[in-house]
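Student: My questions are about this predicted structure, shown below with the sequence.
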Amino acid sequence: MSIFNIFSKKKLDTGLLRTREGFLSRLGKIVTGKAILDDEVLDNLEETLITADVGTETTLKIISNIQNRIEKEKKIGTERLNEILKEDISSLLIANPMEDFSSPWGGREGGSPYVVLVVGVNGVGKTTTIGKLAHNFKKAGKSVMLGAADTFRAAAAEQLTIWAKRSDAQIISQGANADPAAVAFDTVSSSVAKKMDVVIIDTAGRLHNKTNLMSELFKIKRVIQKVIPDAPHEVLLVLDASTGQNAIEQCKQFTEVTQVTALALTKLDGTAKGGVVIGISDKFKIPVKYIGVGEGIDDLQLFDKKAFADSLFAGSTP
């Protein structure tokens, strides 16, 4: 059964409320008094999509797709705009390979812990996301070990320890200024010895020096691979959706220094900039695996591109 049951779909609809209200309101205005999709409507649609933080490149791609449809069909009524946009948006989103929290491995064989390395700048909700992930994996029956390898920020280990207690996960922490790679090594070694299912390692959230960041992440990967040769199995970049285009810039910066394999978009419930999900997924071709739609421990959801597109247009009229 899909993770998007009735309860979680309602949470998603509520979480996207501000984005949806602003987006649909602007869409309604640009088709007022118009019977067909013409150049004026498309120009206004372009501005609307960019305002919703979809991003220039992705916006132009959507507009081009609609223009191609118009050329083939000659005339398209404005009543079909929402339907067409929903189809285009869904097609631009990368499918999430993960269907539920009981199977984090995807197509990979089990046997050793599934190791997730979490990266992202300070303030995006990285530690909170790790805690909520741990909670969801535990709820799905998995044993979870956390590694407090963000030793640069004094409060990071303390916050992660609080989340470990809340989610009933184990944690390896050596306090502030410890060697992050040593923490990662001890975390993975301990998880193997204890036959844990999932390991989630926090890392320092700073971008001021790409060379140091790259060096630190490389060192962490290298020591992890001494224990589990094919780890980390996932590098998860956490981004704050409410920052709009800044989230896209952060994604660009991190993908330049490490191989990001999945994204988590937080704080969707507090912003009208939810369109950034579309732009990031399309621009970087990296799947959005998780979205945050509230502050509660159960408000981190697996991303479903169809459910996202449906919620973006929920309550709209043709």
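Tutor: Perfect, thanks for sending it. Numbering: from 1, shown residues only.
Student: From here on, just use CA atoms for contacts and neighbour counts.
Tutor: OK.
Student: Show me where the stretch 201-318 of the chain dips below the pLDDT cut-off.
Tutor: For the stretch 201-318 of the chain, the stretches with pLDDT under 70 are 207-210, 315-318.
Student: Could I get the full set of helices for it?
Tutor: Ranges of helices in the stretch 201-318 of the chain, per DSSP state H, counting those that start in this stretch, are 210-227, 245-257, 276-284, 305-312.
Student: For residue 310, give its distance to residue 86.
Tutor: According to Cα to Cα, to the nearest Å, residue 310 stands 7 Å off from residue 86.
Student: So for those two, which sits in the more crowded spot?
Tutor: residue 310 (20 against 17; other Cα atoms under 10 Å).
Student: about what we covered before: Throw the helices of the stretch 201-318 of the chain into TSV and include distance to residue 55, thanks.
Tutor: Putting the helices of the stretch 201-318 of the chain into TSV (distance: least, Cα to Cα, whole Å) gives the following:
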stretch	distance to residue 55
helix 210-227	25
helix 245-257	7
helix 276-284	5
helix 305-312	16
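Student: Most tightly packed of the ones you listed?
Tutor: Ranked by average neighbour count under the criterion mean count of other Cα atoms under 10 Å, the helices of the stretch 201-318 of the chain are headed by helix 276-284 at a mean of 23.
Student: Not counting its own residues, what contacts that helix?
Tutor: 52-55, 57-58, 89, 92-94, 241, 244-245, 247-248, 251, 265, 286-288 (Cα atoms under 8 Å, 6 or more residues apart in numbering).
Student: can you map out the strands along the protein?
Tutor: Along the chain, counting by DSSP state E, strands occupy 114-119, 144-148, 170-172, 198-202, 234-240, 262-266, 288-292, 300-302.
Student: Output the ones you listed in CSV, with mean neighbour count appended to each entry.
Tutor: Output for the strands of the chain, formatted as CSV (neighbours: other Cα atoms under 10 Å):
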stretch, mean neighbour count
strand 114-119, 24
strand 144-148, 27
strand 170-172, 21
strand 198-202, 26
strand 234-240, 24
strand 262-266, 25
strand 288-292, 26
strand 300-302, 25
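Student: Nearest to residue 11, out of these?
Tutor: Among those, strand 300-302 comes nearest to residue 11, with 9.1 Å by Cα to Cα.
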